[in-house]
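1. structure of the sequence below:
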Amino acid sequence: MTKSEAVAPAKGVRHEMAYDAALYLDFYGALLTEKQAEILDFYYNEDYTLSEIAQAFGISRQAAHDAVRNGIYALGEYEDKLGMIRARQAELSGVGEAREAISDLRAAMQKLSADEGSNSNLTGRGFDVLEDIIVRLENGIARIAAEI
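-> Coordinates of the predicted model:
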């Protein structure tokens, strides 16, 4: 992202960007100056206008605009270099895929169990072992999800 692309968006677009900006602030806000972080918080989380920010900080509307633009640019640069949000999203995606795989395995086990005419050797004890494995996987995924 170039600095010119980091301009404060139009009112309608602003609400769409608010979630992303809040996420970036959560991850990288501590790397900004206190004033930059506060201005971005006011703009994206508290829905202040640039004029309201200017009045609250005793700066011009243009200075408020520049602070938002420069702050968003800085947050984007941090993400480009550190990639913490991309990593978190990949972790969450992996957890979702693992949960889906467990659900598929459970459904397959139920189908095998329902097929009385099946020549499957997977009965009784085999199902118990698979169920234990599923429970351990679910517990492990829950611990991972709680940490991320």
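2. can I see the domain layout of the chain?
-> Recorded structural domains for the chain (assignment: automatic domain parsing) are 3-82, 85-147.
3. and the end-to-end length of the last one?
-> If I follow you right, that is domain 85-147. Domain 85-147 has its terminal residues 15 Å apart, counting by Cα to Cα, to the nearest Å.
4. give me the mean pLDDT for the helix or strand encompassing residue 87.
-> Element membership for residue 87 (DSSP states H and E) is helix 84-114. Computed over helix 84-114, the mean pLDDT rounds to 82.
5. so what secondary structure elements neighbour it?
-> With contacts defined as 3 or more Cβ pairs under 8 Å, 6 or more residues apart in numbering; DSSP states H and E, the secondary structure elements packing on helix 84-114 are helix 11-28, helix 125-147. Quick note: C-beta positions are derived from backbone N, CA and C, even for glycine.
6. the longest one relative to helix 84-114, how many degrees between them?
-> Put plainly, it is helix 125-147. Angle of helix 125-147 versus helix 84-114, following axes from the mean of the first three to the mean of the last three Cα atoms, to 10 degrees, is 160 degrees.
7. quick one on the thing from earlier: please identify the deepest-packed of the helices and strands packed on helix 84-114.
-> Between the helices and strands packed on helix 84-114, the one whose residues have the most neighbours on average, counting mean count of other Cβ atoms under 10 Å, is helix 11-28 (a mean of 14).
8. many thanks, have a good one.
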